[in-house]
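[1] Would you be able to build a 3D model of this:
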Amino acid sequence: MMRYQEIFDQRGELYNQAHILAPYARKFEGQAMLKWLEPQQGQTIIVTAAGGGFDAKLIEELIGTDSRIVCVEPSKQFASFIPEHFDVINSALDDICLPDGCADAVLNLAALHHIPDRTQVFDEWTRLLKPGGRMVLGDVDIDEANAGFLNIAVNKFTPGGHDGIFLDAGELTTEFEKRKFSALKEGLESYTWAFDNEEIMVQFSRLLFGMVKGSRGDVANAIRKHLGVTLGEAGSTSYPWSLRFFSAVKDEC
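    Predicted coordinates for the structure are as follows:
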């Protein structure tokens, strides 16, 4: 299995190109993330595996610039798209050069399935949280259709493949009960990725997942087979996506 940094050193630029092509495709996923994160003005929020800054920009749009948003991204190439006014740290996800208890919230969205042993990253992210701080994680559920799309279709058409380790229901609750967290919640959020037309849908997906070994037709057929496509007004298209979200509050002592 390729490590997170190897994967996005290889295809981080394509991922960022996808968001240039269709910047609002994952709008509903962003709304779900914000619902779970509940960011507030004046907070310090650490976005781990920040990619090109997709999540950081959504948080800033909601709460404004009177906050500190720290983007931690192992791949320098992937992070090159993050706007310069954010604090950017290029480091491993389990060894972040920040002091203990510096964050009001730690967020990770859709990167855990690239991390086979999560013990060290969970310990590190816990270290960064203030007592009373919020841990918010979201990733693909092992029983959902997008897990099959990723580990079958993306695996076939992406150089290096895709061998995601997806979440079981209750898995994150068990992990953070051991780390003295309370108010533990998790749930599946289902929504769509939405596009102006089918051509943009296919090209966005090909870029986002690095499916460069497949033709346009290969990618379109894979989406239809594993996910299904809904046609909307004026040629618009969408397909279903989901993430299992988790949140918990670090105990005071």
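[2] What residues sit buried inside stretch 214-225?
    By 16 or more other CB atoms under 10 Å, the buried positions in stretch 214-225 come out as 214, 218-220, 222-223. All C-beta atoms are positioned from the backbone trio N, CA, C, and that covers glycine.
[3] could I have that stretch exported to PDB, CA atoms only?
    Presented in PDB, the C-alpha positions along stretch 214-225 are these (Å, rounded to 0.1, in the frame of the first residue of the first chain):
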ATOM      1  CA  GLY A 214      -8.600   5.000 -18.100                       C
ATOM      2  CA  SER A 215     -10.300   6.700 -21.100                       C
ATOM      3  CA  ARG A 216     -13.200   9.100 -20.700                       C
ATOM      4  CA  GLY A 217     -15.500   6.200 -21.500                       C
ATOM      5  CA  ASP A 218     -13.800   4.000 -18.900                       C
ATOM      6  CA  VAL A 219     -14.300   6.600 -16.200                       C
ATOM      7  CA  ALA A 220     -17.900   7.400 -17.200                       C
ATOM      8  CA  ASN A 221     -18.800   3.700 -17.200                       C
ATOM      9  CA  ALA A 222     -17.200   3.100 -13.800                       C
ATOM     10  CA  ILE A 223     -19.200   6.000 -12.200                       C
ATOM     11  CA  ARG A 224     -22.400   4.600 -13.700                       C
ATOM     12  CA  LYS A 225     -21.700   1.000 -12.600                       C
END
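[4] any residues touching that stretch, and which ones?
    Outside stretch 214-225, the residues that touch it by CB atoms under 8 Å, 6 or more residues apart in numbering are 149, 153, 156-157, 198, 201-203, 205-206, 211, 229, 239.
[5] Now with 10 Å, please.
    Under the contact criterion CB atoms under 10 Å, 6 or more residues apart in numbering, stretch 214-225 has outside partners 145, 148-149, 152-154, 156-158, 193, 198-199, 201-207, 209, 211-212, 229, 237, 239.
[6] Just the ones in helices from those, please.
    The helices in this structure, assigned by DSSP state H, contain 145, 148, 156-157, 198-199, 201-207 from the contacts of stretch 214-225.
[7] hang on, isn't L34 packed against L62?
    Yes: with contact taken as CB atoms under 10 Å, L34 and L62 are classed as touching, separated by 5.8 Å.
[8] got a markdown table for the buried residues of stretch 214-225, with secondary structure and distance to Q43 too?
    Shown next, in a markdown table, are the buried residues of stretch 214-225 (DSSP: H, G, I helix; E, B strand; the rest coil; distance: CB to CB, whole Å):
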| residue | secondary structure | distance to Q43 |
| --- | --- | --- |
| G214 | coil | 41 |
| D218 | helix | 43 |
| V219 | helix | 39 |
| A220 | helix | 41 |
| A222 | helix | 40 |
| I223 | helix | 37 |
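[9] Greatest separation within these: which pair is it?
    Maximum pairwise distance in these, criterion CB to CB, is 10.8 Å, between G214 and I223.
[10] What is the nearest of the buried residues of stretch 214-225 to Q41?
    Distance to Q41, by CB to CB, is smallest for I223 among the buried residues of stretch 214-225, at 38.8 Å.
[11] how distant is the longest helix seen in the chain from the center of its chain?
    For the chain, the longest helix by residue count, based on DSSP H, is helix 4-21. Counting by CA atoms, centre = their mean, to the nearest Å, helix 4-21 is centred 13 Å from the centre of its parent chain.
[12] taking the mean pLDDT, what do you get for the helix or strand following it?
    Once helix 4-21 ends, the next helix or strand along the chain (criterion: DSSP states H and E) is helix 27-37. For helix 27-37, mean pLDDT rounds to 97.
[13] Now do whichever helix or strand comes after helix 27-37 against helix 27-37: the angle between them, please.
    Sequence-wise, the next helix or strand downstream of helix 27-37 (DSSP H and E) is strand 44-48. Orientation of strand 44-48 against helix 27-37 (axes from the mean of the first three to the mean of the last three CA atoms, to 10 degrees) gives an angle of 130 degrees.
[14] Right, I'll call it a day here.
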